[in-house]
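[1] Mind folding the following:
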Amino acid sequence: MQQQTDTVYLNFYSPISQTTVQTLMAACTDAMRQFNPRTLYLSISSSGGEVAAGITLYNFLRGLPVRVVTHNIGAIDSIAVVIFLAGQDRYAVPTATFLFHGVQLGISQPTNLTIYQLRELVSGLDEDHNRIVHVITGRTKLSEDEVRELFAQGESKNPTFAVEREIIAAIQDFAVPQGAPFFSLNT
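    Model prediction:
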């Protein structure tokens, strides 16, 4: 039986990977089926992770037929910035941070690559950079030059910076109302 509630709260404290994104997507879908909410309120803290998984979750959240609110309750690092920006309304606790840095490629063991394989890898990194820049500049007051400079320097920013650049609307504590549906996904 479907209940009706205004807002469902979901907490996500995990790195970004295919598995954690699938878990959050399933939780959003289940919450929508069970509660038919007008708003999904996502409290999030993440060290970042896989670009493809992050872009997928961003597009999933943007496509939901409900209002999505994101609230940084700790650290939003790397690709988690893109996910965070999926929220129509965005907030951060006073002690939150936002880390911007360029896309990285990890090669964990000795590997032989042809020049063509290297070009493919560089092309993929460039395109990941461009996709992330596009999302950030489209959802904030940061210019493309500012974002690329943040990537080059690898900078962590505070909530005051986030308000100034419209990454968030306000700095405020996170609180779940008594009795509200609340689910925590920490993997």
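[2] ok, F183 touching L24?
    No: between F183 and L24 there is no contact under C-beta atoms under 8 Å: 10.0 Å. C-betas here are computed from N, CA, C, even on glycine.
[3] Have a look at the two and say which one is more surrounded.
    When F183 and L24 are compared on other C-beta atoms under 10 Å, the one with more neighbours turns out to be L24, at 24 against 15.
[4] Just say helix, strand or coil for the more buried one.
    Per DSSP: H, G, I helix; E, B strand; the rest coil, the local secondary structure of L24 is helix.
[5] give the contact list for it.
    Residues in contact with L24, defined by C-beta atoms under 8 Å, 6 or more residues apart in numbering, are L10, F12, S14, L57, L185.
[6] and of these, the nearest to R119?
    Using C-beta to C-beta, L57 is the member of these that sits closest to R119, with 28.6 Å.
[7] I'd like the distance between P110 and S123.
    Here P110 is placed at a distance of 23 Å from S123 (C-beta to C-beta, to the nearest Å).
[8] Could you check which of the two is surrounded by more residues?
    Of the pair P110 and S123, S123 is the one with more neighbours under other C-beta under 10 Å, namely 10 against 5.
[9] what's the next secondary structure element after the top helix by length along the chain?
    Determined from DSSP state H, the single longest helix within the chain is helix 115-139. Once helix 115-139 ends, the next helix or strand along the chain (criterion: DSSP states H and E) is helix 144-153.
[10] so after that following helix, what's the next helix or strand?
    If you walk from helix 144-153 toward the C-terminus, the next helix or strand you reach (DSSP H and E) is strand 155-157.
[11] What is that next one packed up against?
    If contacts are counted by 3 or more C-beta pairs under 8 Å, 6 or more residues apart in numbering; DSSP states H and E, strand 155-157 sits against strand 97-100.
[12] What average pLDDT does the strand it packs on get?
    Per-residue pLDDT values over strand 97-100 give a mean of 98.
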